[in-house]
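**Student:** here is a sequence with its predicted model. Questions after.
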Amino acid sequence: AEITYYLAVDIGASSGRHILGWMDKGKIRMEEIYRFENKLEKRNGHLCWNLDHLFHEVVEGLRKCKELDRIPESVGIDTWGVDFVLLDANGNVLGNTVAYRDGRTKGMDEEVYKVISESELYGRNGIQKQLFNSIYQLMAIKKEAPQLLARADRFLMIPEYLNYRLTGVAMNEYTNATTTQLVNAKTQDWDFELMEMLDLPTKIFGELNMPKTVVGPLSSEMAARVGFQTTVVLPATHDTGSAVMAVPTNSDDSIYLSSGTWSLMGIERLIPDCTELSRKHNFTNEGGYHHRYRYLKNIMGMWMMQNIRREFKHKYTFEELYELAYIGRYFTSTVDVNDDMFLAPESMIKALQAYCEQTGQEKPETECELLYCVYRSLAKCYAKTVAEIETVTGRKYDTIHVVGGGCQDKFLDRLLVEVTGKDVYAGPIEATAIGNIMAQMLRDHVFEDLKEARQVVAKSFDVKRIASERE
Ligand code: ADP
Ligand code: LRH
């Protein structure tokens, strides 16, 4: 029989990949057919994404399907959240695509709180305060370049913009929209009243569409360029939304840790929690597939390791890095990984040393000490987050599922077992792409619902239980 292929284009802050998925004897099969690098670039003093390059890579990966003669029934794109473009009336991008790690949002929280208090804001959207959220980025544009906002006709998040380039259709999607901090948690729609209070142009925000919605066929120009026709579909276009769909369990007793450039740790909930208690613990209520909420916390994550590895000139393998960290385990200084100073430092090593000095701790000097300091600090933050989840929800969880590229970090997985005392499972590695494909398969009625799809994920992919040191 003919195989029906679905293509996930999953672009993270560090890399992008095209992954084909299909069903085979009741299991999901996947194959990565294309991969490319993604990184920040400095332009006019701002940290930016190179969108033209990303789009070029999206097209190259599509062409690869043609080359392999495996034409997907549909294709879905997901990327990191919060970043967006403004389009003018002719569909051209206004200004640079400034990335969330750029410093332009400094002080923009205060601008917003002049209009609405922090707790009232959280009460409306339940989104964790992070200075890079789109709401603060928009305030920065309003302050620095109001003419861009005045000329803007459409607001599109990164995956939506890539879809637009593929199809000519400009369409907003719900899960990623929630990361703007401009969506009301209860109505699950744009908070136009809030936008008006902030004097943001409401007309640029289009109707919100749920995952599984069809964007459209490739434009004829695109179809000619890639050599085939297909349908562009919305997955949960926020990568974390897709990753959490692919957490391989339906149990309520489980916490997930989506581990990539960021660590996103939390649970799935059916009702948002926009209370003061929740805000004080800085949890977010992002919108998920089928009206679920991702109740989680952003933790600085592997970004710190990525930077250190770069500063070590990539001279060690992952296994060697674990060994070095192990040697450094006598070193007890820790940092608050979520401190702003680690968001985009010139040197992560210097930032770690400065933090330790400023807090009166011994500063890490050797490679071993630096690595262990980051591991220990991350692990400490995970343990604290688990405790906070248990406090806020008033219950205990017995399991942690780690998914994403970072779940391959054996040292961190072990440490997680040690500091939390929970049963820790690692995998699948490509959870985000799997979630993306699941949404496309759900649209195609391959599965009845998310529950069934998750059961199939659990039996289709490698999920390893992490043994503790004592076992
Ligand atoms: P993103 O989607 O944010 O780009 P990924 O989910 O692709 O991130 O995860 C990539 C990250 O996973 C790498 O930057 C690296 O930090 C980590 N990683 C991948 N493989 C390993 C490994 N074997 N050991 C430790 N870390 C790893
Ligand atoms: C992870 C992620 C996360 C966002 C951040 C900007 O890739 O999408 O959920 O908060 O990037």
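**Tutor:** Looks like it came in fine. Ligands and ions are numbered 1, 2, ... in the order given.

**Student:** how much space separates N184 from H238?
**Tutor:** Plainly put, N184 is 17 Å away from H238 if you go by C-beta to C-beta, to the nearest Å. (Each C-beta comes from the backbone N, C-alpha and C, glycine too.)

**Student:** same check, this time on C65
**Tutor:** 24 Å.

**Student:** again with A431
**Tutor:** According to C-beta to C-beta, A431 stands 13 Å off from H238.

**Student:** find the closest residue to ligand 1 in the stretch 151-300 of the chain.
**Tutor:** G260 (2.8 Å; C-beta to the nearest ligand atom).

**Student:** need the contact list for that residue.
**Tutor:** Neighbouring residues of G260 by C-beta atoms under 8 Å, 6 or more residues apart in numbering: G12, A13, S14, D239, A243, G301, M302, G404, G405, G406, T432.

**Student:** hang on, the earlier thing: of A431 and H238, who's got more company?
**Tutor:** A431 (32 against 29; other C-beta atoms under 10 Å).

**Student:** can you report phi and psi for the closest residue to the more buried one other than its chain neighbours?
**Tutor:** Closest residue to A431 apart from its sequence neighbours, by C-beta to C-beta, 6 or more residues apart in numbering: V403 at 3.6 Å. Dihedral angles of V403 (phi, psi; degrees, to the nearest 10) stand at phi -130, psi 170.

**Student:** which of the residues in the helix ranked longest in the chain are buried?
**Tutor:** The longest helix of the chain (DSSP state H) is helix 367-393. Applying a neighbour-count criterion of 16 or more other C-beta atoms under 10 Å, one finds 367-386, 388-389, 392 buried in helix 367-393.

**Student:** in space, what's closest to the closest residue to ligand 1 within the stretch 1-150 of the chain - neighbours in sequence excluded?
**Tutor:** Nearest residue of the stretch 1-150 of the chain to ligand 1 (C-beta to the nearest ligand atom) works out as G12 at 2.1 Å. Closest residue to G12 apart from its sequence neighbours, by C-beta to C-beta, 6+ apart: G260 at 5.4 Å.

**Student:** any weak-confidence spans in this structure?
**Tutor:** Flagging of the chain using pLDDT under 70 yields the residue ranges 469-471.

**Student:** mind redoing it with 80?
**Tutor:** Applying pLDDT under 80 to the chain flags the ranges 1, 469-471.

**Student:** got the residues of it near ligand 1?
**Tutor:** Selection of the chain residues close to ligand 1 by C-beta under 6 Å from any ligand atom yields 12-15, 260-261, 302, 305-306, 318, 404-406, 408-409.

**Student:** one more time with 8 Å
**Tutor:** 10-17, 38, 80, 239, 258-262, 301-302, 305-306, 309, 318-319, 321-322, 404-406, 408-412, 429-430, 432 (C-beta under 8 Å from any ligand atom).

**Student:** buried among the residues you listed? Need that as a selection in PyMOL.
**Tutor:** Restricted to buried positions by 16+ other C-beta under 10 Å, the PyMOL selection for these reads:
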select buried, resi 10+11+12+13+16+17+38+80+239+258+259+260+261+262+301+302+305+306+309+321+322+404+405+406+409+411+412+429+430+432
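
**Student:** among the residues of the chain next to ligand 1, which are in reach of ligand 2?
**Tutor:** G12, A13, W80, D239, S258, G260, T261, W262.

**Student:** give me the distance between the fourth one and R165.
**Tutor:** What that stands for is D239. In terms of C-beta to C-beta, D239 sits 19 Å off from R165.
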